[in-house]
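*Asks:* Just to be clear, the model below is a prediction. Sequence and coordinates:
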Amino acid sequence: MADNRNTILAIVLSLIVLLGWQYFVAQPQIERQREAAQSQQAEQAQSGTADGETHATPAPGGSATTNASVPGSAGQAATLDRAAALAESPRVPIETPSISGSINLVGGRIDDIRLKKFRETVEDDSPTIVLFSPRQAPDAYYADFGYATAQGAKIAVPGPTTTWNVPEGARLTQDTPVTLSWDNGNGLTFERVISVDANYMFSIDQRVTNATGEPVELYPYGLIDRFGTPKTAGFYILHEGLIGVLGEEGLREVDYSDLKEDGPQRLGSTTGGWLGITDKYWASTLIPEGETAFEPEFAYAAGTDSYRASYLGDALTIAPGETNGTKTHLFAGAKETKLLNAYRDDLSIKQFDLLIDWGWFYFLTKPMFFLIDWLYHLVGNFGVAILAVTVMIKLVFFPLANKSYVSMSKMKLVQPQMTEIRERYADDRQKQQQAMMELYKKEKINPLAGCLPVVIQIPVFFSLYKVLFVTIEMRHAPFFGWIQDLSAPDPTSIFNLFGLIPWDPPHLLMLGVWPLIMGITMFVQMKMNPAPPDPTQQMIFTWMPVLFTFMLASFPAGLVIYWAWNNSLSIAQQAVIMRRQGVKIELWDNLKGTFSRRKPADDKAN
């Protein structure tokens with residue numbers, strides 16, 4: 001039967017594209033496990049006192065044109081626990097509605113940030129998300145800023161061991177900036193004014209006052225260091241690693257593994273843009289302010305097992321008796337869609353919204369998110385918003401789907417003629433196909449109509465999958481009952497009787513309630529059509545819902561709920577159209593045939 005073959009083809013193609021999307025889209029790279037870097041990092045030498053350091057030896061980030069370099073990190077990170085690492089140095093507290101943490105006065109680093117609005121799990125008492133941690137702590141991750149000097153220059157500038165001074169009782173809030181200061185004892189005074197908004201954007205205003213009697217040339221820099229390779233969850237559909245939008249080059253994404261193997265990526269002088277490190281839901285980025293040129297770089301240091309996103313600015317000249325400086329923004333927080341868009345527009349940060357990996361099909365994914373988010377603010381539940389979006393999509397494509405189901409119904413009405421043609425030309429395949437095409441033309445039937453409902457569903461399915469997977473708004477978003485996180489799989493399993501048996505099944509056996517509902521609705525939808533005469537086709541139709549049920553069990557619950565709801569609407573729509581066309585609904589007969597003990601071989605074609 002042509003319609004059944006087309007439906008099978010559509011389902012198989014859907015499965016192939018689905019698996020391809022999950023494992024091979026977004027320019028996939030095969031993960032390589034070699035830990036040794038292919039390129040040798042330049043020696044990172046530092047000299048100085050507890051008050052200041054002179055960085056005279058080029059390190060990763062060095063500029064061939066300026067002969068200056070971003071200072072490196074010497075030695076291996078310590079293994080103190082986080083609390084002990086925080087207690088080792090004097091600190092200035094950070095407290096805003098969105099973050100808490102502190103600034104390390106040794107080095108002036110921002111190395112302690114917790115995201116107050118987000119927790120590790122859905123439990124109310126779960127710890128808040130830790131983004132930045134000190135150099136001495138496990139999984140160290142921090143941002144640092146300063147000035148470098150040209151190689152050979154004898155100028156003491158603040159470095160990693162510099163202890164900055166702050167007014168007594170200083171505290172960084174959205175209303176109270178903090179000013180760090182340090183005097184090098186040779187006529188240069190450094191100030192670092194740090195402010196933060198109510199969300200995740202810091203401003204670092206660096207000023208240098210020159211009382212030496214001679215002009216001084218310094219090179220501003222910013223860096224983000226991350227120690228150890230974080231566990232990623234992208235499955236090749238999401239970029240996690242080094243990222244930036246740099247001048248005319250635009251978006252640049254570098255995987256951790258590629259940076260290890262390929263060595264530093266010096267990207268040349270650019271004007272405008274940003275760079276940093278991104279996770280699935282969180283990110284930290286450096287945004288040099290203004291139109292001055294800077295040299296960005298991504299690097300990996302094998303000795304410290306650390307990744308770095310950094311930039312080195314053009315020379316800044318401070319005349320005698322003058323104060324000059326530079327300003328940089330640091331984003332360190334959650335990748336909230338509306339917030340990134342607002343920063344992009346208000347601070348003129350080019351393509352800052354690309355911190356969220358919308359994928360190749362962003363023209364579908366972004367509208368899908370904004371529609372769901374708009375409905376969420378109307379109904380107050382993302383799950384209900386997904387159900388409403390499904391209905392809206394059904395209405396938009398109703399004329400096309402209606403035409404498809406009508407054509408499928410007509411094919412059922414001409415089944416006797418089709419059977420007669422097969423029997424008449426049983427030994428001549430070519431004549432059989434010609435006769436079939438003449439019948440289709442006469443009855444105005446589109447033999448590919450059975451594919452359309454599935455084909456229409458594929459781009460919607462993928463865009464919703466992407467929205468659920470990458471947007472933080474969907475993270476820990478509850479539905480009803482046991483679904484407390486639409487972005488995570490259904491936590492129940494039939495193999496422990498949905499929690500009645502105190503046993504945690506392995507991942508492959510986590511087959512929850514909603515995947516079962518989805519499988520049942522898919523099975524019912526297939527059984528509404530006449531059973532194909534070919535035993536192989538019958539087997540495919542019977543087992544395809546089972547395959548999809550197990551496959552989708554590990555997908556986000558919101559996606560499975562969408563699929564089950566979409567199947568249910570399709571069943572109702574097809575039933576109404578079939579009755580209007582005078583076509584018998586084969587559901588109950590097919591169900592009886594499927595579960596009867598009669599072997600398929602006994603069901604001969606007419």
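*Replies:* Arrived safely.
*Asks:* For the residue lying farthest from the centre of the chain, what are phi and psi?
*Replies:* The centre of the chain is farthest from one residue, Arg424, which by Cα atoms, centre = their mean lies 57.0 Å away. Main-chain torsions, Arg424, degrees, to the nearest 10: phi -70, psi -40.
*Asks:* List the contacts of it.
*Replies:* Applying Cβ atoms under 8 Å, 6 or more residues apart in numbering, we find Arg424 in contact with Gln432, Ala435. C-beta here means a position set from N, CA and C on the backbone, and glycine is covered the same way.
*Asks:* how much space between it and Val389?
*Replies:* Here the criterion is Cβ to Cβ, to the nearest Å. By it, Arg424 lies 49 Å from Val389.
*Asks:* before we move on, what about Leu188?
*Replies:* Distance from Leu188 to Val389, by Cβ to Cβ: 59 Å.
*Asks:* How about Ala283?
*Replies:* According to Cβ to Cβ, Ala283 stands 27 Å off from Val389.
*Asks:* what's the answer for Gly228, then?
*Replies:* 39 Å.
*Asks:* Asp258 now?
*Replies:* For Asp258, the distance to Val389 - Cβ to Cβ - is 36 Å.
*Asks:* If I look at the nearest residue to Leu316 once chain neighbours are set aside, what pLDDT would I see?
*Replies:* Counting by Cβ to Cβ, 6 or more residues apart in numbering, Leu316 lies nearest to Leu218, which is 5.2 Å off, once chain neighbours are set aside. You'll see Leu218 listed with a pLDDT of 94.
*Asks:* mind checking the SS state of Leu218?
*Replies:* strand (DSSP: H, G, I helix; E, B strand; the rest coil).
*Asks:* just the strands in the stretch 151-300 of the chain please.
*Replies:* For the stretch 151-300 of the chain, the strands defined by DSSP state E, counting those that start in this stretch cover 178-183, 188-196, 201-210, 216-227, 241-246, 250-255, 265-266, 270-271, 273-278, 282-288, 293-301.
*Asks:* Need those strands in a markdown table (columns: distance to Leu511 and mean neighbour count).
*Replies:* A markdown table is the format used below for the strands of the stretch 151-300 of the chain (distance: least, Cβ to Cβ, whole Å; neighbours: other Cβ atoms under 10 Å):
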| stretch | distance to Leu511 | mean neighbour count |
| --- | --- | --- |
| strand 178-183 | 53 | 19 |
| strand 188-196 | 46 | 20 |
| strand 201-210 | 44 | 20 |
| strand 216-227 | 37 | 24 |
| strand 241-246 | 33 | 23 |
| strand 250-255 | 33 | 16 |
| strand 265-266 | 44 | 16 |
| strand 270-271 | 51 | 16 |
| strand 273-278 | 33 | 25 |
| strand 282-288 | 31 | 24 |
| strand 293-301 | 41 | 24 |
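*Asks:* List the contacts of the residue nearest to Leu316.
*Replies:* Contacts of Leu218 (Cβ under 8 Å, 6+ apart): Tyr147, Ala148, Thr149, Ile155, Val157, Val208, Ala315, Leu316, Ile318.
*Asks:* and the residues you listed, which are buried?
*Replies:* Tyr147, Ala148, Thr149, Ile155, Val157, Val208, Leu316, Ile318 (16 or more other Cβ atoms under 10 Å).
*Asks:* And the fourth one, how far from Thr323?
*Replies:* Per Cβ to Cβ, Ile155 is found 16 Å from Thr323.
*Asks:* Ok, the first one next?
*Replies:* Applying Cβ to Cβ, the value for Tyr147 to Thr323 is 13 Å.
*Asks:* so what sits against both of the two?
*Replies:* Val208.
*Asks:* For Gly228 and Val389, indicate the residue with more neighbours.
*Replies:* Val389 (20 against 15; other Cβ atoms under 10 Å).
*Asks:* give me phi/psi at the more buried one?
*Replies:* Residue torsions, per degrees, to the nearest 10, at Val389 are phi -60, psi -40.
*Asks:* That one against Leu371, yeah?
*Replies:* Yes: assessed by Cβ atoms under 8 Å, Val389 is found in contact with Leu371 at 5.8 Å.
*Asks:* What does Trp374 show for phi and psi?
*Replies:* Backbone torsions for Trp374, taken as degrees, to the nearest 10, come to phi -60, psi -40.
*Asks:* mind listing what the most centrally placed residue in the chain touches?
*Replies:* Nearest residue to the geometric centre of the chain (Cα atoms, centre = their mean): Val470, 3.7 Å. The contact partners of Val470, by Cβ under 8 Å, 6+ apart, come to Leu238, Lys280, Ile356, Asp357, Trp358, Gly359.
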